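Q: Whatever this is, show me its structure:
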Amino acid sequence: MRLVILGPPGAGKGTQAASIVDTFDVVHISTGDIFRENIKNDTELGKKAKSYMDRGELVPDEVVNEIVVDRLKKDDVQKGFLLDGFPRTVNQAVALDAALEAMGQKLDRVINIVVDKNLLVERTVGRRVCPKCGRTYHVVNQPPKVEGKCDADGETLIQRDDDTEETVKTRIGVYEKQTSPLIDYYKAQGLLLDVDGSGAIEEVFESIRSGLEQEV
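A: A predicted model of the protein is given here:
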């Protein structure tokens, strides 16, 4: 299956993505990870992206598109993928469609996790992250086995600087403004799978699983 997952900050995309990857045997492609890998390996695409980032500028769509499309051509994603963090704009979505068509492929589904704004703020402010492995927890909904420590490596968990209430509200507003046209774009194609993300993790995943299995 070829999938995209959308959802505002705090919607639980990362948690659901992990379950989707395990259940449907697809590769999780995070744009943040791709960028870091290209920059770390000093690839031509990495150098191009870094030149904008070093100047404090947004990496333009054409560079982002090129980096993602390059990743989609790797052998390990031929059986399927889950794109996380891309596309963010309609222009990127159009470019993705064109690239997949050129490879004789197309998207199967776009998962859109929908959560009330107030709940998103509550979830995100309570989020804690392991600075070493990146695993995420929540002080109420998904606490670690030992308070304040990562289950995987014992590192002290931190609250990200951008997980304060004021910052979260701003990020949600930006997301909604940016993503609304994208949601309409995929809805018009009949690809959108709206999922209520307000329930327990297992309930949300069951909604995703049942929706995707209708496509299999």
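
Q: ok, residue 205 - contacts?
A: By CB atoms under 8 Å, 6 or more residues apart in numbering, the contact list for residue 205 reads 16, 19-20. Where you see a C-beta, it was placed from the backbone N, CA and C, and this is true even at glycine.

Q: ok, now with 7 Å
A: Residues in contact with residue 205 (CB atoms under 7 Å, 6 or more residues apart in numbering) are 16, 19.

Q: Would you quantify the distance from it to residue 9?
A: In this view, residue 205 and residue 9 are 19 Å apart by CB to CB, to the nearest Å.

Q: Kindly report the same for residue 54.
A: For residue 54, the distance to residue 9 - CB to CB - is 25 Å.

Q: So which residue is dead centre in this protein?
A: Central residue of the chain (CA atoms, centre = their mean): residue 84, 2.9 Å from the mean position.

Q: Model confidence for the nearest residue to that residue once chain neighbours are set aside, exactly?
A: Excluding its sequence neighbours, the residue lying closest to residue 84 (CB to CB, 6 or more residues apart in numbering) is residue 30, at 4.8 Å. The per-residue pLDDT reported for residue 30 equals 88.

Q: For the one helix or strand residue 36 maps to, give me every contacting residue.
A: Taking DSSP states H and E as the definition, residue 36 sits inside helix 31-40. For helix 31-40, the surrounding residues in contact (CB under 7 Å, 6+ apart) are 45-46, 49-50, 67-68, 71, 85-86.
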